Every structure is written in C-alpha cells, then in structure tokens.
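**Student:** take a look and give me a structure for this.
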Amino acid sequence: MIELDNLTKVFDTPKGAVVAADHISMSVPSGEICILLGPSGCGKTTTLKMINRIVKPTSGKVFINGEDTTGMNTQDLRRNIGYVIQQIGLFPNMTIEQNITVVPQLLGWDKARYRERARELMAMISMEPDAFLKRFPSELSGGQQQRIGVARALAADPPVMLMDEPFGAIDPINRAVIQDEFLKMQQELKKTIMFVSHDIDEAIKMGDQVAIFREGKLVQHSSPDDLLAAPKNAFVESFLGEDRTLKRLNLVKVHEVVSDEIATVSPGDTLETALGRIDDYGYQNAILMVNDQRQPVGLITRAKARTTKGYCRDHFENVPATVTLEDDLRKVASLMFAQDATWLPCVDDEGRVYGQITQRAMTHHLGSRFRAHEAASRNPDSAVKE
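**Tutor:** Alright, predicted model coming up:
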C-alpha cells in the first residue's frame, strides 16, 4: 500500500547541505502498522512528511497502492491521507463535529452523510456523541482532544494514515487506554499506517513492522519479534536496550507456549490421590482442583496432602491467579512473580481449564529465538540453507 523508493531529502543550511533522509526504500503492506523509530534528528519525521508532501522530497518516489504520487495534486493527495500529530492541531473556533467533518465537507459529502460519520466515529473512539459533538476543543482534556484528532484523520475513510508521535504528550495511563482503543479500531478498519514514535515499548505494542533510523538512514526494517531477537548491528542492539529479551514478553501470547497437559483433582478425590498425582506429574507445590465444568475452584498443596487425611473439597486453598490463551507473557510473568509461582493454570473463554503455562516453558520459548540467531551468526551458510 505504501512504498518508498530511494526517498531522499537534503536541506540547504547556512553551514551547507544536510541530508535528513538518505535514500529510504521500504514498503508497508496493506492493513499493517509500520513504526518509524530512532533517536531525535534521525530522519523518521522527515520521511513521514515526505509521503503527504508536507516536506517536498529532493529525490525518490512515493507510491500509494501502486500509484506514483509525484504528479498528483498536493491537495488531493493530502485529502486521501489521514494525518495525526502530537500537537493534535484541532481548530479552536470549531466544534468537535466541525473539526471531525472538515475533510468530508471539502470532498463534497452531503450534510446528513458527514454528520452521521461524525457520530459513528465518536462511538468508535468511546466518546458519547451527544455529550461532545457540540463542544469546543478547549472544553476537552488533552486525551480527549487526541482521540478527536484520530477521529478527524479517519473521517473520510482514507486508506493510508500518517501519525507523528500521536500519543506522546498524553500521560501514561491515558496513553495506554488510547493505544488499546486504537488497536481495536485497527483490527476492524485495517488501515495502512506509518507511525513515528520515540518509544520502543509503544513500537513493540503497536507495530506490525518497525523501521529503525539513524542519521537519516534506514538501519533495520522487520517485525518487532525479529527486531528484538535479531538486531542487525550494535546500534540497534543498544537502542533496544539490555532488556530486549523481556520486551519480547509483550509479543508472545499464552497460546504459543501453553501445554494442554495438566494434572487435576476433583473435590471428591482424597488428599492421598492428590499427593500421588502431584508426585506423578512432577509438580513441586500444588495441584489444581476443578469442578464438574472443569473450572478451577482451588489448589491442594503438597504440604496439606502429605500431612492431612480427608477429601480435597475440605482442604483446598484459593487459586491465586489464572491466565487466558490471549494474555501476553508479560502479564503471566507479573502474576508469577507476585504469587511466587512457577506455573499458572490457563483457562478458555468459558473459564474451563485448558492447560498450564510454566516459567520453564516461557524461558525456553524466549531463548530459542536468540539461540537460533546466534547459531545463524556463527554459521551463515546453514541459515541460508534453512
């Protein structure tokens, strides 16, 4: 959907020519988010602005859906590209409805259509239309204004969106909420998005692809998982930080690591049975007790099963935590640390036990990518054959 072909920008300054973007070539498939990431002054925002010609390229081409934009009318080009900036840029003398519908009106939409579109978008960004559409930007919080900025960019239903640090000025709590809402919208809308950020955690969370820039050059362009597992050089590795293995926790879902083998007991089983299953399955501390619907209702500890007689229903402890198949490993690790646990039960959408996830399985999964990368680095020929 978006293709950059040797895109270059050279600024003339009193001290001479400055290359802000140096022969940038990359593509973003339809429906994906590509995060442009790098230190200040690396060329990521200049590259973004050349796509809608806010910055005129010195050389190179931009293709959108296969069409060379070089000869396109600048206004037509911009009206078909949604644009969101950190400073939001709402028109202060216009109502929220007027702000959202600026581009549809310029495109000649009739009044009923663009007003309905405004209401639809307000619902999409979780803001009540009747409560906000007639207000002015000054009557909204910063986070609310940023949501309106996103809605305005989506108003004419553009296939492409450009976003320049759109959530950077928002406090961490609201930023996380807006990021989550935006990702939910993206699952439905499937826009093709280029998104400038300075936050590696945001890039990993939001991006299908991440492009790392340095001094005007594109250094690495890959999926977040590949980026973290196999940084191209020392600069990328240092930029990602020493905790890049931990950052991968955000990318891996429980269903990728979970084992469907899990020992359980029922409330009517004896503690002797529970102890036998703990020993048979190699659990160190406890076994899960489930009801007739196979939902977790308690834990039988090894200590209790070893020292007490009776039935599980009379001697169980509460289950400290469960995880779902769609939880990420960062949440799992946090729960394990908080509960001093080495494993947690995993449940499906109906709350029934699906399996278990263990610390050992998590560390093996995370480490396997790094070990493969190191092996490929030592023996490039084998990596090519694979």
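**Student:** flag every buried residue along stretch 194-212.
**Tutor:** Under the neighbour-count criterion of 16 or more other C-beta atoms under 10 Å, stretch 194-212 has 194-197, 200, 202-207, 209-212 buried. C-beta: built from backbone N, CA, C; applies to glycine.
**Student:** in strands, which of the residues you listed appear?
**Tutor:** Met194, Phe195, Val196, Ser197, Gln209, Val210, Ala211, Ile212 (DSSP state E).
**Student:** follow-up on the earlier one: and which of the buried residues of stretch 194-212 is nearest Asp279?
**Tutor:** Ile204 (41.0 Å; C-beta to C-beta).
**Student:** contact partners for the closest one?
**Tutor:** Counting by C-beta atoms under 8 Å, 6 or more residues apart in numbering, Ile204 touches Val210, Pro224, Leu228, Lys247, Asn250, Leu251.
**Student:** please redo it, this time with the cut-off set to 6 Å
**Tutor:** Pro224, Lys247, Asn250 (C-beta atoms under 6 Å, 6 or more residues apart in numbering).
**Student:** identify the residue nearest it in space, chain neighbours excluded?
**Tutor:** In space, and not counting its chain neighbours, Ile204 is closest to Pro224: 4.6 Å by C-beta to C-beta, 6 or more residues apart in numbering.
**Student:** can you pull out the strands in the stretch 201-350 of the chain?
**Tutor:** 209-214, 217-222, 264-265, 286-290, 296-301, 323-324, 343-347 (DSSP state E, counting those that start in this stretch).
**Student:** got it, and the stretch 1-150 of the chain?
**Tutor:** 2-13, 16-28, 33-37, 59-64, 67-68, 81-85.
**Student:** of those, which is nearest Val150?
**Tutor:** So among these, strand 81-85 is nearest, using C-beta to C-beta, at 5.6 Å.
**Student:** give me the sheet partners of the closest one and which way each runs.
**Tutor:** Strand 81-85 has the following strand partners under DSSP bridges: strand 160-164 (parallel).
**Student:** next SSE after the partner strand?
**Tutor:** Tracing the chain C-terminally past strand 160-164 and defining elements by DSSP states H and E, one meets helix 172-189 next.
**Student:** so how many other residues sit close to Ala112?
**Tutor:** Counted with other C-beta atoms under 10 Å, the neighbours of Ala112 add up to 8.
**Student:** same thing with the one 3 residues further on?
**Tutor:** One way to gauge burial is a neighbour count; for Arg115, by other C-beta under 10 Å, it gives 17.
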